[in-house]
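Enquirer: all I have is the shape, not the residue letters:
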C-alpha cells in the first residue's frame, strides 16, 4: 500500500512538472533556474529515493513472509514473531538492520548455510556475461532436489538489491549471531549452537570470522564453560543431569553438545587468527539508497574492532574444552580435569583471551603427564567401544569398508592432537589405539591404523601378546576336545606361553580364527628376524593354521 501510494505521488509530481514546463516554456528552455524549479527537482529526487526504499523494503518483506517445510531443527519458544518491516525502522536500525532482519527469517525457516551459498552462487551466475551452463544446471538441480528453488530465487533477488548489506560474510555473520542469541535463550536447544558454528565456518573473511568468534566466546560461552569445568572437577566425573541443570543451566545431554561446540569455536578462533594475516579487512559499504541510515553499530563493525588474542592462551582453553568434551561425551569417571594442569595452568583459565597470562613452560611434572596419558587412554578406549562391532568376514566388502562415524569426532586423532599439547608421547597413544581396535575385534580398522605408528617393533610385541590371549581363550578356556588335542601337539615353549596369557583383558573373544591368522601374519611382518619373539611368532602361525584346519 505504501509503495502504491508513493507511485501515485510520484506520478502526480511528474505530471505537475510537465504542466509547469508547458505553461512556462521560456523558463524551461533557459539555464536560469528559479528557486521553485530547484525545489521541484529536489522533490522529484526525493520521490525516486522513497520509491527505491519502498521497493527494497517490499522485497525483504516478501522474503520474510515465505514459509518453508524445513523443520529439522525446532524453533525456539523464546523467539519473537517476525514483525512487518518499514522504511523508518530500516533507516533507524543501523547498517546491520538489513542482514539482521533476513537472519531472523533464516532462523525461523531453519535454512542451512548451504542454501544461502547456493543463492549467492545463483546471483553471481546471473551477473556473469558468459555463464557456465553445466554449473548452472547443477546448482538448479540441487535446489530442485531440496525443494528450495523459490526461496533461493527470492534470496538471489535480495542479494541483487542489497549487494553490500547482504554481502555473503556479513549475512552469514548475522545468521550465526541470531542462532547463538536464540540458543542463549534456550540452552537445551543445542542444535541452535551447532548451526551457529556451521554459519561461522561459512564466513570466508578471517577478520570477520575472528571477530564474531571472539564475541561469541566473551558474550555467551566462557561463563558457562567455566561453570562446567569447576562442576566436573568437583565431582570428578561426568556430572549427572540434576547438577548440570543447577550449575550450568542445561541438561547433561545438552552440556555434552555445548562442550563440543565450545571446542569448535576455540579451534575456529585459532584458525582465523592465523588466516587473517593473509588477507585484508573487508571494506564495509552500504547501498546508495540507504546512505542516510543511522542507528546502532552492526555486528560486523563490532567484529572488526576486536582486539588481538594471546594465541597460547586460546590454545590452553582449547585443550581444556576438548578434555571436558571427552569426559561428557563418554561419561568418564575418576577424572578431575583441572588436576591435569599445574598451578600456572589452572590460574590462566577463563581470563580475557586478549590478555597476557603466565602459562606452563618447560617439562611438566611426571605425575601430571602420567595422569594425562591415562586420561587419553580412557578416551581412546571409550571411542573404540563406541564404534560398531566388527562384521563377519563375509559381510565386509571393498565398497562398504568399516569407518568412523561421520557424526562424531575423530576421537583417536583428537587424542593424539591433545597429546602434543599435553607432553604425552603421541606414538604411544597411536599404539594403544591399534591395540584397542584389535582388542575389540575391529581388526580391519586396526590394520589401517598401524600405518600411523612409528615404532612398529614395539607395536608388534604388544599385538603378539594380544594374539596369545585370543589363542589362549580358544584353546584353554573353551575346553573343547579338538582344542586339548591341538594343545598337546604344540611345542612346550609355546604351550607354556599360552597358559601364561590372561584372556580376561579381551573385550571381544568372538573373533574368527581366520581373522586372528591375519593378525599373526601382520605381527610376523612387523617383527625383525633377529627379534627375540620372532621364533614364537613363527610357532603361532603353525598353531593358527592347525586350528583353522580342525
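Expert: Great, that's in hand. Since we're looking at a predicted model, the values are computed, not measured.
Enquirer: just the element for residue 309, please.
Expert: Here residue 309, judged by DSSP states H and E, is contained in no helix and no strand.
Enquirer: now for it, how many residues are close by?
Expert: Residue 309: 21 surrounding residues under other C-beta atoms under 10 Å. Using the backbone N, CA and C atoms, a C-beta is placed for each residue, glycine as well.
Enquirer: next, it: phi, psi?
Expert: phi -80, psi 160 (degrees, to the nearest 10).
Enquirer: which parts of the stretch 201-350 of the chain are helices?
Expert: With DSSP state H, counting those that start in this stretch as the criterion, the stretch 201-350 of the chain has helices at 206-216, 222-235, 241-247, 252-275, 299-303, 311-329, 343-348.
Enquirer: now do the last one: everything it contacts.
Expert: Residues from elsewhere that reach helix 343-348, judged by C-beta atoms under 8 Å, 6 or more residues apart in numbering: 313, 316, 338, 357, 358, 359, 360.
Enquirer: ok, and the most crowded of those residues?
Expert: residue 316 (23 neighbours).
Enquirer: for it, report the pLDDT, please.
Expert: What the model reports for residue 316 is a pLDDT of 97.
Enquirer: and the one 10 residues further on, by the same measure?
Expert: Looking at residue 326, its pLDDT stands at 97.
Enquirer: please name the residues that touch it.
Expert: 332, 375, 379, 382, 411, 414, 415.
Enquirer: what distance do you get for the fifth one to residue 431?
Expert: Separation of residue 411 from residue 431 (C-beta to C-beta, to the nearest Å) stands at 16 Å.
Enquirer: try the last one
Expert: Taken as C-beta to C-beta, the spacing of residue 415 relative to residue 431 amounts to 12 Å.
Enquirer: swap in the first one?
Expert: Using C-beta to C-beta, one obtains 21 Å as the distance from residue 332 to residue 431.
Enquirer: comparing these two, which residue is more hemmed in?
Expert: Neighbour totals were compared for residue 332 and residue 431, and residue 431 leads with 24 against 20 (other C-beta under 10 Å).
Enquirer: can you tell me the element that one falls in?
Expert: helix 426-439.
Enquirer: and that helix, what does it pack onto?
Expert: Contact here means 3 or more C-beta pairs under 8 Å, 6 or more residues apart in numbering; DSSP states H and E; on that basis helix 426-439 packs against helix 366-385, helix 411-421, helix 443-449, helix 456-472.
Enquirer: which among the ones you listed is found nearest to residue 166?
Expert: Nearest to residue 166, of all those, is helix 411-421, at 36.2 Å by C-beta to C-beta.
Enquirer: tell me the angle that closest one makes with helix 366-385.
Expert: Helix 411-421 and helix 366-385 are oriented at 170 degrees to each other (axes from the mean of the first three to the mean of the last three C-alpha atoms, to 10 degrees).
Enquirer: helix 411-421: how far from the chain's middle?
Expert: 17 Å (C-alpha atoms, centre = their mean, to the nearest Å).
Enquirer: so for it, mean pLDDT?
Expert: 96.
Enquirer: residues in contact with that helix: which ones?
Expert: In this structure, residues lying in contact with helix 411-421 by C-beta under 8 Å, 6+ apart are 315, 319, 322-323, 326, 329, 372-373, 376, 379-380, 382-384, 424-426, 429-430, 433, 449.
Enquirer: distance of the nearest residue to residue 357 once chain neighbours are set aside relative to residue 468?
Expert: Leaving aside its chain neighbours, residue 357 sits nearest to residue 348 (4.2 Å; criterion: C-beta to C-beta, 6 or more residues apart in numbering). The gap separating residue 348 from residue 468 is 47 Å, by C-beta to C-beta.
Enquirer: how about residue 418?
Expert: According to C-beta to C-beta, residue 418 and residue 468 sit 32 Å apart.
Enquirer: surely residue 301 is in contact with residue 286?
Expert: No - contact criterion C-beta atoms under 8 Å: residue 301 and residue 286 do not qualify, at 11.2 Å.
Enquirer: spit out the residues that contact these two alike.
Expert: residue 95.
Enquirer: neighbours of residue 547, how many?
Expert: Residues near residue 547, counting by other C-beta under 10 Å: 18.
Enquirer: just to revisit the earlier point, can you lay out the helices and strands packed on helix 426-439 as TSV showing mean neighbour count and distance to residue 202?
Expert: Output for these, formatted as TSV (neighbours: other C-beta atoms under 10 Å; distance: least, C-beta to C-beta, whole Å):
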stretch	mean neighbour count	distance to residue 202
helix 366-385	18	28
helix 411-421	19	23
helix 443-449	19	32
helix 456-472	20	41
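Enquirer: out of these, which is closest to residue 165?
Expert: helix 411-421 (38.9 Å).
Enquirer: okay, the angle between the closest one and helix 311-329?
Expert: Going by the same axes, to 10 degrees, helix 411-421 makes 140 degrees with helix 311-329.
Enquirer: which non-adjacent residue is nearest residue 538?
Expert: Residue 538 sits nearest to residue 524 (C-beta to C-beta, 6+ apart), 6.9 Å away.
Enquirer: swap in residue 213?
Expert: Nearest non-adjacent residue to residue 213, counting by C-beta to C-beta, 6+ apart: residue 269, 4.4 Å away.
Enquirer: and the one you found, how far from residue 226?
Expert: Per C-beta to C-beta, residue 269 is found 17 Å from residue 226.
Enquirer: these two: which is more packed in?
Expert: Shown here are residue 269 and residue 226; by other C-beta under 10 Å, residue 269 has more neighbours (25 against 13).
Enquirer: contacting residues for that one?
Expert: Residue 269 touches 210, 213, 214, 217, 309, 314, 353, counting by C-beta under 8 Å, 6+ apart.
Enquirer: and of those residues, the nearest to residue 242?
Expert: Nearest to residue 242 out of those is residue 217 (C-beta to C-beta; 27.5 Å).
Enquirer: give me the number of residues near the closest residue to the closest one other than its chain neighbours?
Expert: Using C-beta to C-beta, 6+ apart and skipping residues adjacent in sequence, the residue nearest residue 217 is residue 265, 6.2 Å away. By other C-beta under 10 Å, the residues close to residue 265 number 25.
Enquirer: how much space is there between residue 265 and residue 504?
Expert: Distance from residue 265 to residue 504, counting by C-beta to C-beta: 43 Å.
Enquirer: do the same with residue 457
Expert: Applying C-beta to C-beta, the value for residue 457 to residue 504 is 27 Å.
Enquirer: how about residue 462?
Expert: 17 Å.
Enquirer: ditto for residue 107
Expert: Distance from residue 107 to residue 504, by C-beta to C-beta: 53 Å.
Enquirer: of the two, who's got more company?
Expert: residue 107 (22 against 9).
Enquirer: and the helix or strand containing the more buried one, what does it pack onto?
Expert: Counting by DSSP H and E, the element that carries residue 107 is helix 97-109. When contacts are defined as 3+ C-beta pairs under 8 Å, 6+ apart, helix 97-109 sits against helix 35-65, helix 87-92, helix 168-185.
Enquirer: repeat the analysis, applying 7 Å as the threshold.
Expert: When contacts are defined as 3 or more C-beta pairs under 7 Å, 6 or more residues apart in numbering; DSSP states H and E, helix 97-109 sits against helix 35-65, helix 168-185.
Enquirer: what comes into contact with the shortest one?
Expert: Defining contact as C-beta atoms under 7 Å, 6 or more residues apart in numbering, one finds that helix 168-185 is touched by 76, 78-79, 96, 99-100, 102-104, 106-107, 113, 116, 120, 189, 192-193, 195-196, 199-200, 202-205, 208, 212, 216, 220, 282, 299-300, 303.
Enquirer: got the buried residues for that helix?
Expert: 168-184 (16 or more other C-beta atoms under 10 Å).
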